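Participant: okay, sequence plus prediction incoming.
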Amino acid sequence: MAQRNVTIIIDDLTGKALPEGAGETVDFSLDGVRYELDVDTRNAGRLRSILAPYIKAGRRLHGARGVQARHVKTENDPAAVRAWAASNGLDVSSRGRVPAHVVAQFEAAGN
């Protein structure tokens, strides 16, 4: 019996499924907190363009110390986030990553 696993990446900004090869995961840090964002290629480019002057003026940190040394773990239990989202009328898939905007709303609600 053969199996085929398919990973569908959902754009964290639009909530839409990205066609294969049309998106990417962008990893960045701000104020000692590391973020990951799945976006289409266009929005990835826009983010890089917006950040370009700040990156050019900033100092790059090397090695494991930099961001990780100041990183504060902010991960939430995906099941708790999904339950909260469902009780607040937000449509979230039962599998895969919970979209960043849903996690942000969950945290903003004091969870």
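Facilitator: Received, thanks. Numbers count the residues shown, from 1 in each chain.

Participant: report the secondary structure state of residue 43.
Facilitator: Three-state call for residue 43 (DSSP: H, G, I helix; E, B strand; the rest coil): helix.

Participant: for it, what are its contacts?
Facilitator: 11, 13 (Cβ atoms under 8 Å, 6 or more residues apart in numbering). C-beta: built from backbone N, CA, C; applies to glycine.

Participant: helix or strand for residue 25, which one?
Facilitator: Taking DSSP states H and E as the criterion, residue 25 maps to strand 23-30.

Participant: how about residue 107: what's its closest non-neighbour residue?
Facilitator: residue 76 (7.1 Å; Cβ to Cβ, 6 or more residues apart in numbering).

Participant: that older thread, helices and strands around the strand holding residue 25, which ones?
Facilitator: strand 33-40, helix 41-57 (3 or more Cβ pairs under 8 Å, 6 or more residues apart in numbering; DSSP states H and E).

Participant: and this protein, what are its domains?
Facilitator: Using automatic domain parsing, the domain parsing of the chain gives 1-72, 75-111.

Participant: what sits against the one residue sitting closest to the centre of the chain?
Facilitator: In the chain, the residue lying closest to the centroid (Cα atoms, centre = their mean) is residue 37, at 3.1 Å. Going by Cβ under 8 Å, 6+ apart, residue 37 touches 12, 13, 25, 26, 27, 28, 47, 100.

Participant: roughly how far apart are it and residue 2?
Facilitator: 34 Å (Cβ to Cβ, to the nearest Å).

Participant: follow-up on the earlier one: out of the contacts of residue 37, which one sits closest to residue 83?
Facilitator: Using Cβ to Cβ, residue 100 comes nearest to residue 83 of the contacts of residue 37, at 17.8 Å.

Participant: where's that closest one relative to residue 9, distance?
Facilitator: 13 Å.

Participant: any stretches of this structure with poor pLDDT?
Facilitator: 63-74 (pLDDT under 70).

Participant: that concludes my questions; thank you for your assistance.
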